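Novice: have a look; sequence and predicted model below, questions after that.
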Amino acid sequence: MTETWVRNCWYVAAPAHEIGRELLARTFLNTPVVLFRREDGTAVALEDRCSHRFLPLSKGFLVGDRVQCGYHGMEFGCDGACEHVPGQKSIPPGADIKSFPIAEKWQFVWIWMGDAELADEDLIPDIPRNDHPDWTPIVGDTLYIRGDYRLFLDNLMDPSHVSFVHRTTLGTDDVAEIPQIASQDGDVVKVTRWILDRPVAPVYAKVSKLTRFGEFKDNVDRWQIMTFTAPHMVEVDMGSCLAGTGALDGDRSQGFELYSYNLITPETEKTSWYFWSHTRPFAHDNQELTDTIRANFIEAFMEDIDVIEGVQAGLDRHPHLTPVNIGVDGGAIRARRVIGKMIAEEEDLIAEQDAAQVHAAE
Amino acid sequence: MTETWVRNCWYVAAPAHEIGRELLARTFLNTPVVLFRREDGTAVALEDRCSHRFLPLSKGFLVGDRVQCGYHGMEFGCDGACEHVPGQKSIPPGADIKSFPIAEKWQFVWIWMGDAELADEDLIPDIPRNDHPDWTPIVGDTLYIRGDYRLFLDNLMDPSHVSFVHRTTLGTDDVAEIPQIASQDGDVVKVTRWILDRPVAPVYAKVSKLTRFGEFKDNVDRWQIMTFTAPHMVEVDMGSCLAGTGALDGDRSQGFELYSYNLITPETEKTSWYFWSHTRPFAHDNQELTDTIRANFIEAFMEDIDVIEGVQAGLDRHPHLTPVNIGVDGGAIRARRVIGKMIAEEEDLIAEQDAAQVHAAE
Amino acid sequence: MTETWVRNCWYVAAPAHEIGRELLARTFLNTPVVLFRREDGTAVALEDRCSHRFLPLSKGFLVGDRVQCGYHGMEFGCDGACEHVPGQKSIPPGADIKSFPIAEKWQFVWIWMGDAELADEDLIPDIPRNDHPDWTPIVGDTLYIRGDYRLFLDNLMDPSHVSFVHRTTLGTDDVAEIPQIASQDGDVVKVTRWILDRPVAPVYAKVSKLTRFGEFKDNVDRWQIMTFTAPHMVEVDMGSCLAGTGALDGDRSQGFELYSYNLITPETEKTSWYFWSHTRPFAHDNQELTDTIRANFIEAFMEDIDVIEGVQAGLDRHPHLTPVNIGVDGGAIRARRVIGKMIAEEEDLIAEQDAAQVHAAE
């Protein structure tokens, strides 16, 4: 069976603040992993399995830079090598476990679940606003979804659902009919929607009140610009300015903009991890604003998760029916097509490597 | 695999009082359905699935007489036709969903899960006492059973279990040996048991005290007459009169009678919905009596459900053993035989239709 | 598929104190059993299934020495014979259920799940200290493990895990490197470890304080001697004496010894029952000591169960990988080899019996 995910890419394993000197168990692409930091602060990812009796290492202890199994005390180094077996001098063959390439960038810790030789840190997608003096990021705690990771990407690539799923937060009346435009440039897919001269959305009203812009009493021009970076990230450029003050032409001075970064990592075929940050280029020290953005967007995410889990359940109980596509799927369909192409290329690569091995052996 | 249920018949979907302007999700015969009433009060049943991404429609909203999906706002009419897709003018082919024939009668809402062309309201079984000025019905809330619907029919067609399952409610001592007589007339199966000149059962004692009959201090003649109407209904005619006052010959003036109607609808092969009403031809305005009957019978139903779920679990864990039949199974065996015959006839009908189609195509 | 357990042996069904005049449901070797005592106190084990509709008999009632089904009142004697069917005189063929050989010895009730003709009470393993005037036994309540019974035997046959699993109870620092010696004599496997001249373990310190030995202020010589009796029992001879007072040569007068008996009975391939007793030859009437031993060892067992369930989960999620053995597995590997040999012998016996039947039939 074809896999539903790309293997050779950097997935987010956790926001940087969640990994420390406690052992953290998390499964990615069906593989159980244990995460921690060395004494020098470097993040490490090992297979979450003692090679002896398969007790998850995350049930053990961190002793210096080694993980000690909680059953018989076998110790593993950060490269997965078994370095000590209590009661004996020698290490039995096959006792080493797998370690995974890991990198820390943009306030996230990234893991490479595929061929370790291909793990080039230059392939980590760009999120410069998470580390830029002009921008204040909010890096969220990990969220969990009982749904295929692609269902969350579908959701992120479609601004129209806001009117129905987020009635009390991001939605506004009567904008459901406003079209969104999907486009593609290589593997990058973009969806754009402009909502011109309409009342401000509830969340933006709250945000605005806490800033120099004050209450938006008049209508605004609002934009939602989603950019998909394969195979798992959606940047959302969103904001509102007073109507007619030039936002459509690039002048965002009469309102505000937020950028959110949304990264989905598959846990299994039907469960996923959701990682996110929100950044803003204003009101940097306003803690009340930070708290307001965080709380309101988490509320909206929970509405998304509820819908995505409903869709997963609906697909599961109708395995013989085919979903119908509609206009708003333009971005999601393009994004899935890019993912599908990457998976196919990986499988071709593996087939070529296998053929080369057979040839070399002959 | 042969199905375990008849498709072409009216099943109860809900008691009428449970369906309103809230979307109600309920699965029948493995098919998820959403139930609601139009603005004019008519009940409607649609497939509980948006054709777009399969989010259950029951997670959406009722907008006038349309169901609006909670994800992208697609709207479906009461016939299942997709009538609106936000953001576009046209409706994509295949967007319609299924609607189910529905009828309201005898204070129940009935659904037809089979071939809609065969859905004739005259086929709804008769429950006239639920709508008759001389009778006061109590229509219960829906109960749920983790067991094959036929296990509940077995239970209903067997008065003898009362002595063991309902010791504190319907049971009386020393009546377990009194025989019950099963008979069949066409597809109608009847089980009759008369318990003559014995102390009154605990529930009947409570009921009697609240009526003009007062406390039954002397023995009574008690009857239990179960009538099975295929494939899912059991009417129970039950009551007690002072012993020797002619009940056996039809004179029920020296005591009281109750009729209960019990309708079981399969949810899946191993789970079911239980719908019930109890009617009485006396003490119409006595609310305390109504409450007493309702509370005591629900207590007894819970005892039945506990046993039925135990039987289902017992059958599941011994798949290779065959149950042994005993005398009291006479009614249940006949009822199951009628159901089996109806299922076989349906399968023959489908095979004939298939053959006719092949013939027409040749 | 080869079974993972021996059938023809006495397994503990329950500690004697758990079986009485209430029906107790418990599954052994995938077979549901109902346990109770006759009016004369003798323990009985029947198949937990009414032959009529498969309601577990444990949901019924004990009437004298018969079990009465909670559905239709069918009654079964202690040999499994159906002795009464309410409402009829005759017993239908096939209505009898299975009974299991049962015996009570050493404060445990034992059950024989295999060929009843081979059930010889002389085959019950010896636990004389549970019934000896010089020893005070504590017989624990049944514990439940979500793991293969052999994983618990592995655990019991390995003293080295104490340093990692039981840090706060049985463990002491720096003893993990002290070797343990495994040996085998026929089907009996033994593991011995002596920890000489070290501080006392936390639990032993608590126990000692409550006895005439008082606080152990100086180092002790500590022993752990595990003896496996196939296929399910591990005796643990353990204790500590003041260092250098001759314990190694058999003089245990300057400290104390405890014997524990640990019996594991499979429920299913991946779940087990754990039965245990602890006996001591001192401070017989010291209730505080009894309570201390019981509470501390239950705490340690819970730590073991947590690890065993983690190992079972780890094995389940890596079905294609093979565990690596290390030195401390010497006892466990020998014990599993004995169990494997016994299972193979049973299968040969069954094959021989089958062949003999075929031969006789020809």
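Specialist: Looks like it came in fine.
Novice: looking at chain A, which helix or strand is least sure?
Specialist: With mean pLDDT, DSSP states H and E as the measure, the helix or strand of chain A carrying the lowest mean pLDDT is helix A:202-209 (a mean of 86).
Novice: could I get the buried residue list for that helix?
Specialist: For helix A:202-209, a neighbour-count test (16 or more other Cβ atoms under 10 Å in any protein chain shown) marks A:202-208 as buried. (C-beta placed from N, C-alpha, C; glycine too.)
Novice: quick check: phi and psi at residue A:225.
Specialist: Residue A:225 adopts backbone torsions of phi -130, psi 110, taken as degrees, to the nearest 10.
Novice: ugh, wrong one, I meant residue A:81
Specialist: phi -70, psi 130.
Novice: just give me the neighbour total for it.
Specialist: 14 (other Cβ atoms under 10 Å in any protein chain shown).
Novice: tabulate the buried residues of helix A:202-209 in a markdown table, adding columns for distance to residue C:49.
Specialist: Shown next, in a markdown table, are these (distance: Cβ to Cβ, whole Å):
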| residue | distance to residue C:49 |
| --- | --- |
| A:202 | 60 |
| A:203 | 60 |
| A:204 | 65 |
| A:205 | 65 |
| A:206 | 63 |
| A:207 | 65 |
| A:208 | 69 |
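Novice: between those residues, which sits nearest residue A:12?
Specialist: Using Cβ to Cβ, residue A:203 comes nearest to residue A:12 of the buried residues of helix A:202-209, at 24.3 Å.
Novice: now do the SS call for residue A:17.
Specialist: When classified by DSSP: H, G, I helix; E, B strand; the rest coil, residue A:17 comes out as helix.
Novice: check contacts around it.
Specialist: A:107, A:139 (Cβ atoms under 8 Å, 6 or more residues apart in numbering or on different chains).
Novice: for chain A, what lies in contact range of chain C?
Specialist: A:32, A:49-56, A:59-60, A:68-74, A:85-88, A:92-95 (Cβ under 8 Å from any Cβ of the partner chain).
Novice: got a list of contacts for the least confident helix or strand of chain A?
Specialist: If you take Cβ under 8 Å, 6+ apart as the criterion, helix A:202-209 is touched by A:168-172, A:200, A:214-216, A:220, A:222, A:239-240, A:255-256, A:258, A:289, A:292-293, A:296-297, A:300.
Novice: go again using 10 Å as the cut-off
Specialist: Helix A:202-209 is contacted from outside by A:166-172, A:199-201, A:213-217, A:220, A:222, A:238-240, A:255-256, A:258, A:280, A:282-283, A:289, A:292-293, A:295-297, A:299-300, using Cβ atoms under 10 Å, 6 or more residues apart in numbering or on different chains.
Novice: same question, stretch A:128-136
Specialist: Outside stretch A:128-136, the residues that touch it by Cβ under 10 Å, 6+ apart are A:16, A:105-108, A:137-139, A:235, A:258-261, A:277-286, A:289-290, A:293.
Novice: now, of these, which are buried?
Specialist: Of the contacts of stretch A:128-136, these count as buried by 16+ other Cβ under 10 Å: A:16, A:105-106, A:108, A:137-139, A:235, A:258-261, A:277-280, A:282-283, A:286, A:289-290, A:293.
Novice: from residue A:303, how far off is the closest residue to chain B within the stretch 101-250 of chain A?
Specialist: Nearest residue of the stretch 101-250 of chain A to chain B: residue A:176, at 4.0 Å (Cβ to the nearest Cβ). From residue A:176 across to residue A:303, the span is 16 Å (Cβ to Cβ, to the nearest Å).
Novice: just residue A:360 next, same as before
Specialist: Distance from residue A:360 to residue A:303, by Cβ to Cβ: 54 Å.
Novice: repeat for residue A:150
Specialist: Applying Cβ to Cβ, the value for residue A:150 to residue A:303 is 19 Å.
Novice: next: residue A:215.
Specialist: 25 Å.
Novice: following the host helix or strand of residue A:306, which helix or strand shows up next?
Specialist: Residue A:306 belongs to helix A:287-317 when assigned by DSSP states H and E. Of the helices and strands lying after helix A:287-317 in sequence (DSSP H and E), the nearest is helix A:330-361.
Novice: in that following helix, what counts as buried?
Specialist: A:330-332, A:334-336, A:338-339, A:342-343, A:346.
Novice: I'd like to know which elements that helix is packed against.
Specialist: helix A:149-156, strand A:181-185, strand A:188-198, strand A:220-229 (3 or more Cβ pairs under 10 Å, 6 or more residues apart in numbering or on different chains; DSSP states H and E).
Novice: need these in TSV (columns: distance to chain B, mean pLDDT and mean neighbour count).
Specialist: Formatted as TSV, those follow (distance: least, Cβ to the nearest Cβ, whole Å; pLDDT from 0 to 100; neighbours: other Cβ atoms under 10 Å in any protein chain shown):
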stretch	distance to chain B	mean pLDDT	mean neighbour count
helix A:149-156	7	97	24
strand A:181-185	11	96	14
strand A:188-198	10	95	18
strand A:220-229	13	96	22
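Novice: what would the ones you listed look like in a markdown table with distance to residue B:273?
Specialist: Output for those, formatted as a markdown table (distance: least, Cβ to Cβ, whole Å):
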| stretch | distance to residue B:273 |
| --- | --- |
| helix A:149-156 | 30 |
| strand A:181-185 | 44 |
| strand A:188-198 | 43 |
| strand A:220-229 | 43 |
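Novice: closest one to residue C:123 among those?
Specialist: Closest approach to residue C:123 among the helices and strands packed on helix A:330-361 is made by helix A:149-156 (56.9 Å; Cβ to Cβ).
Novice: who does that closest one touch, helix- and strand-wise?
Specialist: strand A:143-145, strand A:220-229, strand A:233-242, strand A:255-268, strand A:271-280, helix A:287-317, helix A:330-361.
Novice: close to chain B, is the helix or strand immediately after it in the chain?
Specialist: Next in sequence after helix A:149-156, counting helices and strands by DSSP H and E, comes helix A:162-165. Yes: for helix A:162-165, a contact with chain B is found by Cβ under 10 Å from any Cβ of the partner chain, at A:163-165.
Novice: pull the number of nearby residues for residue A:201.
Specialist: Residue A:201: 22 neighbours (other Cβ under 10 Å).
Novice: list the contacts of it.
Specialist: For residue A:201, the contact set (Cβ under 10 Å, 6+ apart) comprises A:162, A:166, A:169-172, A:175, A:195, A:207, A:216, A:220, A:222, A:238, A:240.
Novice: now whichever residue of the stretch 151-300 of chain A sits closest to chain C: how far from residue C:23?
Specialist: Closest residue of the stretch 151-300 of chain A to chain C, Cβ to the nearest Cβ: residue A:268 (10.8 Å). Separation of residue A:268 from residue C:23 (Cβ to Cβ): 41 Å.
Novice: who has more neighbours out of the two?
Specialist: Between residue A:268 and residue C:23, residue C:23 has the larger neighbour count (other Cβ under 10 Å), namely 20 against 15.
Novice: tell me who's in contact with that one.
Specialist: Neighbours of residue C:23 in contact, by Cβ under 10 Å, 6+ apart: C:34-36, C:46, C:48, C:56-62, C:67, C:70.
Novice: how about it, nearest residue that isn't a chain neighbour?
Specialist: Using Cβ to Cβ, 6 or more residues apart in numbering or on different chains and skipping the chain neighbours, the partner closest in space to residue C:23 is residue C:58 (4.5 Å).
Novice: give me the number of residues near residue A:177?
Specialist: Neighbours around residue A:177, by other Cβ under 10 Å: 13.
Novice: test my guess that it contacts residue A:328.
Specialist: No: Residue A:177 lies out of contact with residue A:328 (Cβ atoms under 10 Å); the separation is 11.1 Å.
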